[in-house]
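> coords below, sequence missing:
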């Protein structure tokens, strides 16, 4: 009897506690939809102070991918933990997060009108949320954020309803170029795209229906006046290990740049997975918070400046046997008789910039992030690289063989680094940093498949988001990915210039040394 009494008291205490406690995360609530004729599920995450204040909040609609549901952003996306951390640290203000059930709709109406999902979203879901929760009910305080199919939705909703949404963060957008759309195999195409946009059972150009054109971001952006989207804030991110989405996301970025539509674009290490989306979520929330506040984007949280150690940099000019270049040896060079790997820098660097590069190399060496290396600058008036390294191996204790040579190309001059690399097996790694790349030459070279180079050389391509070489570098990535040639690709925050180069140099050098010492 005593045990039963204790149990009843515990249950009553729990009921009383739940009655007193205002729940800020609710999973799989329902909203009756007249438009769809069914109840639509959604989850919601309210700010921790929602029930202790009378303030209203901006809203972020979190959209899930194909096959997932309204709980995925809570379980795998960990949105509450991420948001709580950012709010408690003062990085963002509190927001309401709404996670609707997206079915397999790509967040659009299907072409025959049997399941007009987007109509439900705009005409029923948003008014329902605004009526039942203390939102700030205007376009400047509504954002979309989604991955994969949800990335498509996060982009298409603001493109089609800029009066409802002005901020979007699409991640790993499940989108196709026209060429990809026409070439995709059935029945997968029928199930994923044909049922939505029309043309089931069709192939080739017949798939490009009028309805598809109305709802393809490529066509919407191409056919619209650019000024229409001047007020839209866009942050797009993709992983460099994507396959089909590598080309489509890159070409979308290029189209936006060509059309003069301002946006942030990132390509970082990762694939089609929550490990990537969770990492990008923080910058996405910062981007949204700044947009809600009418502020310029603060910049990526992952960008860190290397702590340069105090040091005296010694650059030596070699001029012998008709060969000339500028070189820097490791600090320990005079104290050992060992041989060292060589990193060649191909670009138009000033004397001060060369010193900055060597300071970065030396600091990474002191921190144990890379081993000691010989740094060689082959610039405007220096000898060809192929003439320099035999001399270094013979007289300056450079390690013998391609395994211990890497090349880093930069800017207008940097394209030569790729040409040297593709010509024959000379380097274990080739890094192209904001380089003016000859895309036609690259395409031709990799299709001819110099197997020695392809099998033994790693490529690293990095470019600032607002580079003037965005097209060349984007297509270089597409070519290497579609030919299944190992490489890593980054699009990072910033603009052309040596300051950006210096920021990405540490990761580039670590990539290079990973290959040398694999």
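Now that the structure is in, tell me what you want to look at. Everything quoted here is computed from the prediction, not taken from an experiment. Residues are numbered from 1 along each chain as shown.

> Quick check: which ranges of the stretch 351-500 of the chain have low pLDDT?
Confidence mapping of the stretch 351-500 of the chain against pLDDT under 70 gives the ranges 379-382, 449-450.

> quick one, helices of it?
With DSSP state H, counting those that start in this stretch, the ranges of helices along the stretch 351-500 of the chain come out as 351-366, 385-395, 411-423, 439-448, 451-456, 470-482, 498-516.

> Which positions in the third one come out as buried?
It stands for helix 411-423. 411, 413, 414, 415, 416, 417, 418, 419, 420, 421, 422 (16 or more other CB atoms under 10 Å). Quick note: C-beta positions are derived from backbone N, CA and C, even for glycine.

> any chance of those in TSV, with distance to residue 203 too?
What follows is the buried residues of helix 411-423, written out as TSV (distance: CB to CB, whole Å):
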residue	distance to residue 203
411	44
413	46
414	42
415	39
416	43
417	42
418	37
419	40
420	43
421	39
422	36
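
> Pick out whichever of the residues you listed sits closest to residue 263.
residue 411 (23.7 Å; CB to CB).

> What about the closest residue to the closest one other than its chain neighbours, how many residues nearby?
Distances taken as CB to CB, 6 or more residues apart in numbering place residue 347 nearest to residue 411, at 5.2 Å, with adjacent residues excluded. Residue 347 has 25 neighbours, counted by other CB atoms under 10 Å.

> who are the neighbours in contact with residue 347?
Going by CB atoms under 8 Å, 6 or more residues apart in numbering, residue 347 touches 379, 408, 409, 410, 411, 413, 414.

> now swap in residue 124 and tell me
Neighbouring residues of residue 124 by CB under 8 Å, 6+ apart: 31, 33, 34, 35, 40.

> Pretty sure it sits in a helix.
Yes: applying DSSP: H, G, I helix; E, B strand; the rest coil, one finds residue 124 inside a helix.

> Could I get the pLDDT score of it?
Listed pLDDT for residue 124 reads 98.

> what residue ranges in the protein score low on pLDDT?
For the chain, the ranges with pLDDT under 70 are 1-21, 303-307, 309-310, 379-382, 449-450.

> so can I have TSV of the contacts of residue 347 showing distance to residue 113?
Output for those, formatted as TSV (distance: CB to CB, whole Å):
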residue	distance to residue 113
379	63
408	56
409	54
410	54
411	53
413	57
414	53
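
> Indicate which one of the helices of the stretch 351-500 of the chain is closest to residue 70.
helix 470-482 (32.8 Å).

> Can you give me the distance of residue 240 to residue 445?
Separation of residue 240 from residue 445 (CB to CB, to the nearest Å): 21 Å.

> If you could redo that for residue 364, that was the one I meant.
Here the criterion is CB to CB. By it, residue 364 lies 31 Å from residue 445.

> any idea how far residue 90 lies from residue 286?
Per CB to CB, residue 90 is found 12 Å from residue 286.

> And the two? Which one has more around it.
Counted by other CB under 10 Å, residue 90 and residue 286 do not tie: residue 286 has more neighbours, with 20 against 7.

> Distance from the strand or helix carrying the more buried one to the middle of the chain?
Assigned by DSSP states H and E, residue 286 belongs to helix 274-292. Distance of helix 274-292 from the chain centroid (CA atoms, centre = their mean, to the nearest Å) equals 11 Å.

> now do stretch 234-245
6 Å.

> ditto for stretch 110-122
On CA atoms, centre = their mean, the centre of stretch 110-122 falls 30 Å from that of its chain.

> Start at 8, not 1
Renumbered: residue one is now 8, and that last one reads stretch 117-129.

> Between the two ends of that stretch, what distance do you get?
Counting by CA to CA, to the nearest Å, you get 15 Å between the two ends of stretch 117-129.

> Need the contact partners of that stretch.
40, 42-43, 47, 107, 109-110, 112, 114-116, 164, 167-168, 171, 202-205, 216, 218.

> What's the separation between the nearest residue to residue 423 once chain neighbours are set aside and residue 509?
Leaving aside its sequence neighbours, residue 423 sits nearest to residue 353 (CB to CB, 6+ apart; 5.6 Å). When distance is defined by CB to CB, residue 353 is 16 Å away from residue 509.

> Could you do residue 371 as well?
12 Å.

> more neighbours, the two?
residue 371 (21 against 17).

> Hmm, residue 513 and that one touching each other?
Yes: counting by CB atoms under 8 Å, residue 513 is a contact partner of residue 371 at 5.9 Å.

> Correct me if wrong: residue 228 contacts residue 167.
No: applying CB under 8 Å as the test, residue 228 and residue 167 come out as separate, 11.6 Å apart.

> what is in contact with the two at once?
Taking CB under 8 Å, 6+ apart as the criterion, residue 228 and residue 167 do not both touch any residue.

> what's the spacing between residue 110 and residue 289?
Distance, residue 110 to residue 289, using CB to CB: 28 Å.

> Can you name the residues that contact residue 220?
The neighbours of residue 220, taking CB under 8 Å, 6+ apart as the test, are 226, 230.

> Downstream of the host helix or strand of it, the next helix or strand is which one?
With elements taken from DSSP H and E, the one containing residue 220 is helix 217-222. Once the chain leaves helix 217-222, the next helix or strand it forms, by DSSP H and E, is helix 224-230.
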